[in-house]
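Novice: Mind looking at a prediction? Sequence and model below.
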Amino acid sequence: MTPPDIAHERKSYERGELDEDAAANEPLAQFRQWLDEAFAAKVPEPTAMTLATVGADGRPSTRIVLAKGIDERGIVWYTNYESRKGTELATHPFAALQFHWVEQERVVRIEGGVAKTSGEESDAYYASRPLDSRLGAWASPQSRVIASRALLVAEAAKAAARHGFSPPRPSHWGGYRLAPERWEFWQGRKSRLHDRLVYRRHEGHWLRERLAP
């Protein structure tokens, strides 16, 4: 099979616009509007976001995680603290997030400092998860090399035998919250003249500016 000629792939972005007069004064309000519209449009996985971190060697890495909390304090996700992203955040507690709603030709980028959520918050979310997911948090040594999938399944079975229907939250598992310092909203436009509005902290307030595409 002949591989596609990706150098000549083209798409014209014409689904929307992002004008300063219509955009919210606060980035969280703008984000909530776009997120609501993504849900209304039945966009697949609207809470999926790319999380970028930096390791001790200065090299970046990315992965997809799901946002599980969004409010004035920041954006929350949950994971294994001993995973690659966990160890990188322990070294460099800053990260970048990116939501990409392809069907709406929209991207939101968020940057800021990261801290663990409280134990109470992590406990509450962990308890809300399906049982298999709670047991999986015990079974998986996330990001580490394992011999086989059979070993992973066996560890899940051991966790089920040990904890039954009420496994407690593992100490190595919990939430992170990114406190936004910068937001960027990107709306695809025709002729690659995309709309980009950035919000950044300035003297205790959010300053909104347009960026060239």
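Specialist: That came in fine, so what should we check first? Residues are numbered from 1 along each chain as shown.

Novice: helices or strands next to whichever strand or helix holds Arg134 in the packing?
Specialist: Remark: Arg134 resides in helix 131-139, with elements defined by DSSP states H and E. Contacts defined by 3 or more CB pairs under 8 Å, 6 or more residues apart in numbering; DSSP states H and E place helix 131-139 against helix 119-128, helix 149-163. The way it works is simple: take the backbone N, C-alpha and C, and place the C-beta from them, glycine included.

Novice: What is the burial count for His202?
Specialist: When counting by other CB atoms under 10 Å, one arrives at 10 neighbours for His202.

Novice: can you give me the angle the helix holding Arg134 makes with helix 149-163?
Specialist: For helix 131-139 against helix 149-163, the angle by axes from the mean of the first three to the mean of the last three CA atoms, to 10 degrees is 110 degrees.

Novice: for the residue nearest in space to the middle of the chain, helix, strand, or coil?
Specialist: Against the mean C-alpha coordinate of the chain, by CA atoms, centre = their mean, the closest residue is Met49 at 3.3 Å. Following DSSP: H, G, I helix; E, B strand; the rest coil, we place Met49 in the strand state.

Novice: what's the distance between it and Ala38?
Specialist: Computed as CB to CB, to the nearest Å, the Met49 to Ala38 distance reads 12 Å.

Novice: Which strand or helix spans the nearest residue in space to Pro93 that is not next to it in sequence?
Specialist: Of all residues not flanking Pro93 in the chain, Val114 sits nearest, at 5.0 Å (CB to CB, 6 or more residues apart in numbering). Mapping Val114 onto the secondary structure by DSSP H and E places it in strand 106-116.

Novice: now that strand: mean pLDDT?
Specialist: What strand 106-116 shows for mean pLDDT is 98.
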